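Asks: curious how this folds, go ahead:
(one chain, ligands or ions: 2)
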Amino acid sequence: MATFDDLNLNTPLRNALADLDFIQPTPIQEKAFPVVSSGKDVIGIAQTGTGKTFAYLMPVLKKLKYSEQKHPRVLIVVPTRELVLQVAGEIEKLTAYMNIRYQGVFGGTNIKTQSQLVYDGIDILVGTPGRLFDLAMMGTLRLKSVQTLIIDEVDEMLSLGFKHQLLSIFDLLPERRQNLMFSATLSQEVSELIGDYFYEPVKVEAASHGTPLDKINQTAYYVENFNTKYNLFKHLLNNESLSKVLVFAKNKKIVDLIHEKMTPEYGDKIGAIHSNKSQNYRINSLKRFSQGESRILVATDVAARGLDIHEVSHVVNFDMPEKASDYIHRIGRTGRADKYGEAITFITEEEQELQMEIESLMGKHITIIDFPEGVKISSVLLPSEMVNPADKSYYRQATLRDSKGAYHEKKEANRKENSGSPSKKRKKGKKKK
Ligand code: CDP
Ligand code: MG
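Replies: Ligands and ions are numbered 1, 2, ... in the order given. Below you'll find the predicted structure:
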């Protein structure tokens, strides 16, 4: 096994890593280091929790020499505010022995303050596409000195609808620059984007063997509806081994509903996070959960990406996500670094099709556990669960048709984002209403 001494690091970085008690680079860190150092464009693919942040930061920081010039030389674009703070935190750790100015910027905060900070001079700027674009438009942020562009979790930026801002930012960058992209998955749309904007990128992939998926024990229950899911969740919480539980629900409403219903009993042991909560509230909920002050954090998929929260014991998918790849991102919040993790998923009949897609994508089955006796099965539906019967019968047919495809045949097709699947068509149609 390689150690950090085998990478061609400089003393400040080595000291910072020693302070963190990090001795061995992860496979993606080891593989990406020489290629990123060579100055080439790089696409780095490795599963969640395998240290992609340091994989791009280490070689970039090594090259970054002290400078007095004002405009950023490294630009890191990430999809969410929480990730801005996290990446800035990682830069802080790695630059403990360096004289490097860095700043995180994101929406929902005072743009004038951020604009001033940027104007004062920075070396590394981390931000969400929207805020970066706004700062560039104000004229305070100049991007012509950027030597390295890093896009982290870019597929999420695209699904959040940030493509326009992202492309506008690309257009403001100098032609000669190094482009780096790190992600757990590579969608068709991202591949196309890279084809247009990256120059002869080298793909660096870490072997998937022994990586987080294998360290996450995945189980599921077949559950009928929200109220029954809720009863089951409460039942599972009786087990104290669920010590730090990240719960994903399908939308803001359901997140709020779970949060409100549980607050009388759990008080400040439960927090919630979604895009309609204020910035302070989001940061505070996340911080309390990270530090172990709260036991449960209920979230939408805003928290599925990239967040590195220490020792999440369980990820609970109260609802299935929209896309199979989101499932993998979500469960990747547990079983990080050298830890083991548990993922528990609640699956309704409608969600079973996505279960198959997920299993094909992973090449692995989720273990179904019998519904525990003594947990009340409710027949009370939420208004949103009362779908019209026509929709439902269409869905059944689609499921039947799809289930004919054999497990292994589907595998390859799914890797290339199975965009023609009935479930997606159905969802797209629904959204428009
Ligand atoms: O981006 P990705 O999901 O691959 O992972 P990350 O957010 O960079 O988190 C990796 C976690 O592993 C962090 O908590 C790091 O402190 C830790 N770690 C690392 O990055 N590199 C090592 N050599 C050892 C631990
Ligand atoms: Mg990451």
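Asks: please make it C-alpha for all contacts and neighbour counts, starting now.
Replies: Will do.
Asks: list, one by one, the residues from the stretch 51-200 of the chain near ligand 1.
Replies: Proximity of the stretch 51-200 of the chain to ligand 1 (CA under 6 Å from any ligand atom) is limited to residues 51-54.
Asks: check contacts around Val241.
Replies: Rather than Val, residue 241 is Ser. Ser313 (CA atoms under 8 Å, 6 or more residues apart in numbering).
Asks: what kind of secondary structure is it in?
Replies: coil (DSSP: H, G, I helix; E, B strand; the rest coil).
Asks: for it, report the pLDDT, please.
Replies: Looking at Ser241, its pLDDT stands at 95.
Asks: also Leu180?
Replies: For Leu180, pLDDT reads 98.
Asks: next one: the one 10 residues further on
Replies: Turning to Val190, the model gives it a pLDDT of 91.
Asks: distance of it relative to Ile43?
Replies: Shown here: Val190 relative to Ile43, a distance of 11 Å by CA to CA, to the nearest Å.
Asks: which of the helices or strands spans His259?
Replies: helix 252-266 (DSSP states H and E).
Asks: CA-only coordinates of that helix in PDB, if you can.
Replies: C-alpha atoms of helix 252-266 as PDB (Å, rounded to 0.1, in the frame of the first residue of the first chain):
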ATOM      1  CA  LYS A 252     -39.900  19.400   1.000                       C
ATOM      2  CA  LYS A 253     -43.400  18.800   2.100                       C
ATOM      3  CA  ILE A 254     -42.700  15.300   3.200                       C
ATOM      4  CA  VAL A 255     -39.500  16.400   5.000                       C
ATOM      5  CA  ASP A 256     -41.500  19.000   6.900                       C
ATOM      6  CA  LEU A 257     -44.200  16.600   7.700                       C
ATOM      7  CA  ILE A 258     -41.900  14.000   9.200                       C
ATOM      8  CA  HIS A 259     -40.000  16.700  11.000                       C
ATOM      9  CA  GLU A 260     -43.200  18.300  12.500                       C
ATOM     10  CA  LYS A 261     -44.700  14.900  13.400                       C
ATOM     11  CA  MET A 262     -41.600  13.900  15.300                       C
ATOM     12  CA  THR A 263     -40.600  17.100  17.000                       C
ATOM     13  CA  PRO A 264     -42.900  16.700  20.000                       C
ATOM     14  CA  GLU A 265     -41.200  13.500  20.900                       C
ATOM     15  CA  TYR A 266     -37.700  14.200  19.700                       C
END
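Asks: neighbour-wise, which of Val190 and Ile43 wins?
Replies: Neighbour totals were compared for Val190 and Ile43, and Ile43 leads with 23 against 18 (other CA atoms under 10 Å).
Asks: what kind of secondary structure is that one in?
Replies: strand.
Asks: next, the contact list for it, please.
Replies: Applying CA under 8 Å, 6+ apart, the residues near Ile43 are 180-182, 201-204.
Asks: if we go to 6 Å?
Replies: Going by CA atoms under 6 Å, 6 or more residues apart in numbering, Ile43 touches 181-182, 203.
Asks: which of those residues lies closest to ligand 1?
Replies: Of all those, Phe182 has the smallest distance to ligand 1: 7.8 Å, by CA to the nearest ligand atom.
Asks: would you agree the closest one is in contact with Ile150?
Replies: No - if you go by CA atoms under 6 Å, Phe182 and Ile150 don't touch, sitting 7.8 Å apart.
Asks: just to revisit the earlier point, so of the residues of the stretch 51-200 of the chain next to ligand 1, which ones are in helices?
Replies: Counting by DSSP state H, those place 52-54 in helices.
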